[in-house]
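>>> need a structure here:
(one chain, ligands or ions: 1)
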Amino acid sequence: MKIAILIGSIRQGRQSQKIAHYLQDRLQADDLDIDLIDLAETPLPMLEERVGKHPQLPQVVQELSNRLHSADAVIMVTPEYHGSFSGVLKNALDYFYSEFSRKVIGIVTVSAGKFGGINAATQLQQVILSLGAFALPTKLLVPEVYGAFNATHELTNEHTLRSAQKFIDDFRWFASAIQEKKQQTTVNI
Ligand SMILES: Cc1cc2nc3c(=O)[nH]c(=O)nc-3n(C[C@H](O)[C@H](O)[C@H](O)COP(=O)(O)O)c2cc1C
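Below you'll find the model as predicted:
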């Protein structure tokens, strides 16, 4: 099973990439194939038209479309900005539909405060439904991110470690269930 991890933070001094790298390491240790998509390294222009409708689709968007299509399931990592998920992530999502539809998507949100980006997570769930995808009910919220990792970027917060384990277990269960269903069915997806 191939998993894309999409990092929706490009801020200077950003923190969200730390939990993305933690999940990458954990899932790779479970023999999953991980494609880490960092929007800081894959900058997309502001949306002028979506994939399939754009007369001259930027190559970077086509390449990202191909990477997302090849993923069986996706994890989206986003900071909470002004009570929602990041604008850079929304801009990226608006290019796509079929790249996500009928896939399990896990939501990971990050905040400097105590609430872990719950508002961003709830709003992202709604957007994921609009993409025709299955939002994993178990969300991974990372509160107080500046203290959650040590100097070598290891996750040390006990509560977040437990939350991450449950998130990984549930993500793998749902992603595998959908993948098995797709292997059994002849419906064209
Ligand atoms: C523009 C902006 C808006 C923010 N709004 C919120 C917010 O609404 N709620 C919150 O808990 N934290 C908020 N924060 C703090 C972020 O959660 C914190 O900076 C966190 O590190 C975000 O992840 P990042 O480092 O990847 O950008 C905001 C930060 C920025 C830069």
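>>> T109 sits in which helix or strand?
For T109, the host element (DSSP states H and E) is strand 104-110.
>>> contact partners of that strand?
9, 15-16, 19-20, 23, 73-80, 85, 116-118, 120-121, 124-125, 128, 131, 133-136, 138-142, 145, 167, 171, 174-175, 178 (Cβ atoms under 8 Å, 6 or more residues apart in numbering). To be clear about C-beta, it is placed using only N, CA and C from the backbone, and glycine gets the same treatment.
>>> list buried residues within these.
Among the contacts of strand 104-110, the ones that count as buried by 16 or more other Cβ atoms under 10 Å are 9, 15-16, 19-20, 23, 73-80, 85, 116-117, 120-121, 124-125, 128, 131, 133-136, 138-142, 145, 167, 171, 174-175, 178.
>>> what does the protein put close to the ligand?
Contacts of the chain with the ligand, taken as Cβ under 6 Å from any ligand atom, map to 9, 11, 14-16, 79-83, 110-113, 115, 145.
>>> which ones among these lie within helices?
If you go by DSSP state H, the residues of the chain next to the ligand have 16, 145 in helices.
>>> nearest to S65 among the residues of the chain next to the ligand?
Of all the residues of the chain next to the ligand, S65 sits closest to S9, with 21.0 Å by Cβ to Cβ.
>>> list the contacts of P58.
Counting by Cβ under 8 Å, 6+ apart, P58 has contacts 44-45.
>>> mind checking how far stretch 159-177 is from the chain centre?
Averaging C-alpha positions (Cα atoms, centre = their mean, to the nearest Å) puts stretch 159-177 14 Å from its chain's average.
>>> no further queries at this time; thank you.
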